[in-house]
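Asks: Let's see this in three dimensions:
(one chain, ligands or ions: 1)
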Amino acid sequence: MSDAYIALEDGSVIEARCRAPGRTRGELVFTTAYTGYEESLTDPSYEEQVLTFSYPLIGNYGVREERFESDRVHPRAAVAREFTDDVAAWLSEAGVPAIDHLDTRELVTSIRERGAMKCGIAAGEDATPEAAKAELAECKSMSDHIDIGKRVTTVEHTLYEGGGEYSVALIDCGAKGSIISSLNERGADVHVLPYDASEADVQTVDPDVLFISNGPGDPVNFPNAQSLVETFTGELPIAGICLGQQIVARAFNGETEKMAFGHRGVNQPVKDVQTGQVIMTTQNHGYTVSDPGDLDVTQVNVNDDTAEGLASDDLRIITRQYHPEANPGPHDSLGFFDDVLGLVNKGTPVTAD
Ligand SMILES: NC(=O)CC[C@H](N)C(=O)O
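Replies: Okay, here's the model as predicted:
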């Protein structure tokens, strides 16, 4: 008798071992990253998702809080071939179900073939296949989580000081901590503002840059951040990462769409359209910019040609679909933060009339 089950949208129910008990549901996604489980498990972009690690052994270098990207675990559950006791204890304490001892190669293959699926999990002494199926029956699609921003944003304006050379207003749609520290390290004070901050809230901090963070779910569900971009275009340089790129694109008449299974890993090759240079990037997204609207596509994914970087030189706008802050992952793209702050000294654009 197993003590854990995961029920998938394709009708299958897979037996597993309980490593942290509980019942839950979410969109089943996978990451191919072989390191960085602490960063991924605390990345707010995974809210409402169940994270499967394709790398088989998760936890082999322990659990250290200084590597966390936020103050809590965000995926609703975690799945691996084998979790170490450290990770199992951490997730148990956090109240986040974890299951292992299942064939994650098979699971990842079926996500690749069918696309990200809804799933239900039951783990613990009283777990049954029926309980996992009952969770699945309650699972909403990612786009239907219309209030997802509220669950991951800061409640109030918080200042992270970085020396005061620049001032950045970061609209927190579920920001990773290392975006803040990457800006702090370059001399920028970062004012983290709630995802529903008003135009006046932004004006109050008198920023040099408006920055839209990463975050979970469908960019359609972040209309306030989109209207801030529309309001401050031309007035301030604007930057965005991941969900931030998608929101900025939508503000410029662009479109976003859901991908089959998304990009989640630390070895996604990205090519700069102008220079032809390829860098390795960290990614975690299930939506993509299908139409850049009035912005230029400056970088593309080498595997599938999707938009990885957008810009408008005149309007001082620069975004990335991948995670330049890495954590986990290669540091090829840290220069993005220098480029963003470099926009400040370019001065206000001359508007054509
Ligand atoms: N990391 C992110 O910001 C994720 C963006 C968005 N939630 C997506 O899945 O595409």
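
Asks: Please count neighbours and contacts with C-alpha atoms only from this point.
Replies: OK.

Asks: interface residues of the chain facing the ligand?
Replies: 45, 214-218, 242-243, 284-288 (CA under 6 Å from any ligand atom).

Asks: contacting residues around the residue nearest to residue 270 when sequence neighbours are not counted?
Replies: Nearest residue to residue 270 in three dimensions, chain neighbours excluded: residue 301, at 4.5 Å (CA to CA, 6 or more residues apart in numbering). Each residue near residue 301 by CA atoms under 8 Å, 6 or more residues apart in numbering is listed here: 268, 269, 270, 271, 307, 308.

Asks: ranges for the strands of the stretch 101-250 of the chain?
Replies: 117-123, 158-160, 166-172, 188-194, 209-212, 238-241 (DSSP state E, counting those that start in this stretch).

Asks: so residue 50 touches residue 78, yeah?
Replies: Yes. The pair residue 50 / residue 78 is scored as a contact, 5.8 Å apart, by CA atoms under 8 Å.

Asks: Spatially central residue in the chain, please.
Replies: The centre of the chain sits closest to residue 45, judged by CA atoms, centre = their mean, with a distance of 3.3 Å.

Asks: Helix, strand, or coil at that one?
Replies: Applying DSSP: H, G, I helix; E, B strand; the rest coil to residue 45 yields a three-state assignment of helix.

Asks: Then the one 10 residues further on?
Replies: Per three-state DSSP, the secondary structure class of residue 55 is coil.

Asks: That one reaches residue 37, doesn't it?
Replies: No. With contact defined as CA under 8 Å, residue 55 does not count as touching residue 37 (10.1 Å).

Asks: More neighbours: which of these two?
Replies: residue 37 (23 against 17; other CA atoms under 10 Å).

Asks: on that earlier part again, from the contacts of residue 301, which is closest to residue 320?
Replies: residue 308 (5.6 Å; CA to CA).

Asks: Which residues does residue 28 form beta bridges with?
Replies: As for beta bridges, residue 28 partners with residue 50, residue 117 under DSSP bridges.

Asks: what comes up buried for stretch 67-76?
Replies: 67, 68, 69, 70, 73, 74, 75, 76 (16 or more other CA atoms under 10 Å).

Asks: try stretch 199-215
Replies: 202, 205, 207, 208, 209, 210, 211, 212, 213, 214, 215.

Asks: Likewise for stretch 323-338?
Replies: 323, 324, 325, 326, 327, 328, 329, 330, 331, 333, 336, 337.

Asks: Quick check: the first one touching residue 240?
Replies: The one in question is residue 323. No. When contacts are counted by CA under 8 Å, residue 323 is not listed as touching residue 240 (10.1 Å).

Asks: distance of residue 9 from the ligand?
Replies: 19 Å (CA to the nearest ligand atom, to the nearest Å).

Asks: Then residue 57?
Replies: Taking CA to the nearest ligand atom, one finds residue 57 at 23 Å from the ligand.

Asks: so who does that residue touch?
Replies: Here residue 57 is in contact with 80, 81, 82, 83, 84 (criterion: CA under 8 Å, 6+ apart).
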